[in-house]
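S.K.: Please work out how this folds:
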Amino acid sequence: MPSVFLIATLDTKGHEADFVRRLLTSWDVPVTLVDAGSLGVPAVEADITRERLFELGGTSLDEVRRRADRGEAVTVAAHGAARLARDAYAAGELRGVLGLGGSAGTTIATAAMKALPLGVPKVMVSTLASGTVRQFVGDKDIFMLNAVVDIVGINRVSRQVLSQAAAAMAGLVTHPPPPGDSGDKPLVAATMFGVTTPCVERARETLERAGYEVLVFHATGNGGQAMESLIADGLIAGVLDLTTTELADEQAGGFLSAGPHRLEAAASAGIPQVVSTGALDMVNFYGPETIPAKFSGRLFYRHNANVTLMRTTADENARIGAAIARKLSAATGPLSVLLPARGVSAIDREGQPFDDPAARHVLHDAIRSGLPGRDVIELDLHINDPEFADAAARKLIELMQAAPATDRKI
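M.R.: The predicted structure is shown next:
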């Protein structure tokens, strides 16, 4: 019978984990207790031992102890936890993950959670939950519950928090959301930035009239990661990736990168995709004081008090275009690339501060030359022109209608 995997370092959080386990089992929720510790003696017996976790991480507990590197131990345990969760879910043995921890325990348990698809219950009780948690949550549907006090002993505060966590997990696994029905529309993922909003909004309306449900992702790093994750999970029928700006931040060192694997999931999954160069004229920083000194002398635009944009150069555009072509050349499904010759953002058009026809030409030429034989079309339009949005939406509809029907999970 599938169970909730409860992950904690049982040398330091053993009694607390046992408290949560007993609560869950009293509500008839099966529990598999996983020991993620590496140093002291476990306070309670685990169902999956630390020895097994480190084996799944690619080494042994004895080797980790011999090196006496706690950072490495946490990294290995996190890899092992991710593999454990992935394998157990595939085998039908896992129905949710609940973690307890400080920085180490949170790193390990959320690694297991991030290895699971959308919809699998994930609850993390963490002493870090009141701070910045993107590194733990990433692009997954993880509930972060602030521990309030350190998770040491069962007291009147920790009892309340741990009981809430157990109750939340019990509710999640015993009252799952209703399944989709035959009336659900195919899902299309689209990317948008403030400077490409008119284009994506018009294209979205066209797709919705054609019978598709459109999920719009704000291309701020986490948005692109979330979209790639949903594509990899098999939830998306087609992709309107008009705003690939996160690749500029990845190449030039801006603050809104979606990581090195952006623009790869759809190519790997073989689903129809229409790609463009929206907002590749810019690299994102926060206030002016956050801009690295090496960029002094570059062209900047103060978008607002918290966002400063830097115009990409021709050399950067050449690298970005080559990276796009390299990623898209691996596409196994229908692909079309539409290039807006008159500008890629609201501030990259005639009369606007980032207007640079030469840099656009370098960007688009790198994409064209790197995708011989592929459907790459340059239109004498700006990306926010209605005609460009219409062309992109119609092209994706054409590709999706011509592609074989697939049984998507949503």
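S.K.: I'd like to know which elements whichever helix or strand Val274 is part of is packed against.
M.R.: Element membership for Val274, per DSSP states H and E: strand 273-275. Packing partners of strand 273-275 (3 or more Cβ pairs under 8 Å, 6 or more residues apart in numbering; DSSP states H and E): strand 238-241, strand 335-340, helix 386-402. Where you see a C-beta, it was placed from the backbone N, CA and C, and this is true even at glycine.
S.K.: Enumerate every residue touching Gly254.
M.R.: Gly254 makes contact with Ala248, Val283, Asn284, Phe285, Met310, according to Cβ atoms under 8 Å, 6 or more residues apart in numbering.
S.K.: What confidence value was assigned to it?
M.R.: On pLDDT, Gly254 comes in at 95.
S.K.: any idea which helix or strand carries it?
M.R.: Assigned by DSSP H and E, Gly254 belongs to neither a helix nor a strand.
S.K.: and the gap between it and Thr191?
M.R.: Gly254 sits 16 Å away from Thr191, going by Cβ to Cβ, to the nearest Å.
S.K.: what does Leu256 give?
M.R.: In this view, Leu256 and Thr191 are 12 Å apart by Cβ to Cβ.
S.K.: okay, the two: which has more neighbours?
M.R.: Counted by other Cβ atoms under 10 Å, Leu256 and Thr191 do not tie: Thr191 has more neighbours, with 28 against 24.
S.K.: contacting residues for the more buried one?
M.R.: Counting by Cβ under 8 Å, 6+ apart, Thr191 has contacts 200, 216-217, 219, 223-224, 227, 240-244, 278.
S.K.: Mark which of these are part of strands, please.
M.R.: Filtering the contacts of Thr191 for membership in strands, criterion DSSP state E, returns Val216, Phe217, Leu240, Asp241.
S.K.: Okay, strands next: where are they in the stretch 251-400 of the chain?
M.R.: Taking DSSP state E, counting those that start in this stretch as the criterion, the stretch 251-400 of the chain carries its strands at 273-275, 282-285, 300-304, 307-311, 335-340, 375-379.
S.K.: Correction: the previous question concerned the stretch 101-250 of the chain.
M.R.: Along the stretch 101-250 of the chain, the segments classed as strands by DSSP E, counting those that start in this stretch run 122-126, 143-146, 187-192, 213-218, 238-241.
S.K.: and these as a markdown table, adding distance to Val20 and mean pLDDT?
M.R.: A markdown table is the format used below for the strands of the stretch 101-250 of the chain (distance: least, Cβ to Cβ, whole Å; pLDDT from 0 to 100):
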| stretch | distance to Val20 | mean pLDDT |
| --- | --- | --- |
| strand 122-126 | 8 | 98 |
| strand 143-146 | 12 | 97 |
| strand 187-192 | 35 | 97 |
| strand 213-218 | 34 | 96 |
| strand 238-241 | 40 | 98 |
